[in-house]
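Enquirer: The following block contains a protein sequence and its predicted model.
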Amino acid sequence: MTASTPSLLFGAIADDLTGGTELASMLVARGIPTRCTVGLDAPIPSGNLAHVILLKTRVIAASDAVRQVLEAADRLIEAGARQIFFKYCATFDSTPAGNIGPCAEALLKRLGGGVALFTPALCETGRTVYQGHMFGGVQLLGESPKRFDPLTPMTDSNLVRVLQAQSKGKVGLVPYLVVDAGAVAIRNAIGEHSARGETLLVTDTIRERDLAAIAEAAFDLPLMTGNSSVAAHLPPAWLAHGLVNSGDLAAASLPAIEGPAAVLAGSVADRTIEQLDRFAQKNPLLTIDLASAFAGADVVAQARAFAELHLPGAMIAIATTAPQATVEALQQAHGRDAVAAKAEEILAGIAQILVRDLGVRRLVVAGGETAGSVVKALGIDRIAMGAYEGPGLSRAVAHLPGQPSDPLALMLKSGKLGGPDIFADVLQDMTRATTVAPAIDTWPPAKPAIRPTTGKAS
Ligand SMILES: Nc1ncnc2c1ncn2[C@@H]1O[C@H](COP(=O)(O)OP(=O)(O)O)[C@@H](O)[C@H]1O
Ligand SMILES: O=C(O)[C@@H](O)C(=O)COP(=O)(O)O
């Protein structure tokens, strides 16, 4: 860092772990030294330009989410952050009561008021916003598989309406013609909306260049909100405005990590189901029957026996994934939150067995809420990210409590993202050390040329 560089430029608060690690990996890929901590207890290390606090606040009570988010913001501000970024899902996953609106409004108030932009689009995967309506490819959000999400079913595609229903302030739309006109037009629009009393502004966003324009318009707002994709365009703005220098940028490295390998999946998203099917064509998969768990079966012991049978010789997957009809029947019988809590508790218990008892050192977790429970159960409070490699592909390394010389290669995969063979490919990739040069001029990054470096994990 140069003498003029602030200690911490950017402090992000993520409402789940998959999205938060994705955000950090994007900044790392841009060359921005970035660290992640889990929850509110871990200290924020010094010497980085960006920091992401990973919370699990997406579906909890709004008052609790607000409390946690404000505490995280206070810690980031104390560490010197000049901008707070509130990260949520590209599909605006939220409950009817929040937590996007209440958290953003509380942050805005804490940061002195003004206007916040809401930019959830992830153009790379076809998740766009036009006339305030979110699309997943050609489908409106409310007509996409997201309407069946087990925790945050999104049935209204109109994000202005969704955000207004969970906010006190007035919500407005920065329409596509303004976004397309570029950063100056967006900044002017912010002033005009603000004068009309609209403080929460959803941005239409179709193309990657729109994300760049929005980031340029928002780089010096005290609060920015959205998906990782818009934050990935902040580093070029920081460079252009002299907040960082090219000498501050760093290559991203990950060590090679060997050891038994496993996938834990609690996502019931179509994409994860497809990825599990592909994995199971060549590798052992155990699907846990939650109905039998509710009936008293010891499914954790069953999972232990399955893992002991196959590890360390094979890569394994253990999932609670079930078809939509089964998910609905379970939720009707036991309640949505109780089913989610049961699945998360089971997978967290299995994670402890895999990692602590059976020596798993390469782990992929599918699902944001699931990842939150698993990481907590393993006692991990900080995560070092590698460079973002594409949707769903954000490898990391974590240290287990009391085991600083025995790292865990970790990937927390968003339920809805990633290619069909992501599980086997990533578990194999984890055995190779990688170094990736900063992708400051091009975005999204091309699949990085993996440059093997010598030596094992340190
Ligand atoms: N068979 C199941 N039926 C209902 N809910 C489930 C089932 N298996 C897992 N779940 C729960 O569904 C939720 C999925 O959310 P999450 O892990 O965030 O995945 P995603 O990334 O796809 O949103 C979790 O709370 C998980 O415990
Ligand atoms: O937008 C995304 O998909 C991610 O940024 C994200 O937040 C993932 O959340 P889950 O799909 O719940 O894992």
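Expert: Sure thing, it's come through. These figures come from a predicted structure and were not determined experimentally. Ligands and ions are numbered 1, 2, ... in the order given.

Enquirer: Could you use CA atoms for every contact and neighbour count after this?
Expert: Will do.

Enquirer: tell me which parts of the stretch 151-300 of the chain are close to ligand 2?
Expert: When proximity is defined by CA under 6 Å from any ligand atom, the stretch 151-300 of the chain lies next to ligand 2 at residue 227.

Enquirer: For the stretch 151-300 of the chain, just list every one of the strands.
Expert: 170-174, 198-203, 223-226, 252-254, 261-265, 285-287 (DSSP state E, counting those that start in this stretch).

Enquirer: Check whether the last one comes into contact with ligand 1.
Expert: What that stands for is strand 285-287. No. Judged by CA under 6 Å from any ligand atom, strand 285-287 makes no contact with ligand 1; its nearest approach is 9.3 Å.

Enquirer: buried set for stretch 305-324?
Expert: Neighbour counts over stretch 305-324 (16 or more other CA atoms under 10 Å) mark 306-307, 311-312, 315-322 as buried.

Enquirer: Convert that stretch to CSV, retaining C-alpha atoms only.
Expert: Extracted in CSV, the C-alpha atoms of stretch 305-324 (Å, rounded to 0.1, in the frame of the first residue of the first chain):
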residue,chain,number,x,y,z
ALA,A,305,-21.0,-44.9,7.8
PHE,A,306,-21.3,-43.8,4.1
ALA,A,307,-18.3,-41.5,4.4
GLU,A,308,-16.2,-44.1,6.2
LEU,A,309,-17.0,-46.6,3.5
HIS,A,310,-15.8,-44.3,0.6
LEU,A,311,-13.2,-42.0,2.1
PRO,A,312,-10.4,-41.3,1.4
GLY,A,313,-10.4,-43.3,-1.8
ALA,A,314,-13.3,-41.5,-3.5
MET,A,315,-14.7,-38.0,-3.6
ILE,A,316,-18.1,-38.1,-2.0
ALA,A,317,-21.3,-36.0,-1.8
ILE,A,318,-23.9,-35.9,0.9
ALA,A,319,-27.1,-33.9,0.2
THR,A,320,-30.5,-33.2,1.7
THR,A,321,-31.6,-32.2,-1.8
ALA,A,322,-35.1,-33.3,-2.8
PRO,A,323,-37.6,-32.7,-5.6
GLN,A,324,-40.0,-29.8,-5.3
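
Enquirer: for it, the distance to its chain's centre please.
Expert: 24 Å (CA atoms, centre = their mean, to the nearest Å).

Enquirer: do stretch 335-349 as well
Expert: The chain centroid and the centroid of stretch 335-349 are separated by 20 Å, computed with CA atoms, centre = their mean.

Enquirer: Mind checking if it is in reach of ligand 2?
Expert: No. Contact of stretch 335-349 with ligand 2 (CA under 6 Å from any ligand atom) is absent, the minimum separation being 12.6 Å.

Enquirer: Please enumerate residues in contact with that stretch?
Expert: 150-151, 264-266, 290, 299-300, 319-320, 330-331, 369-370, 373-375, 377-378 (CA atoms under 8 Å, 6 or more residues apart in numbering).

Enquirer: tell me the contacts of residue 217?
Expert: 183-184, 186-187.

Enquirer: most surrounded residue in the residues you listed?
Expert: Highest neighbour count within the contacts of residue 217, by other CA atoms under 10 Å: residue 186, with 24 neighbours.

Enquirer: re earlier: so which of the contacts of stretch 335-349 reach ligand 1?
Expert: Among the contacts of stretch 335-349, ligand 1 is touched by 150, 266, 320, 369-370 when using CA under 6 Å from any ligand atom.
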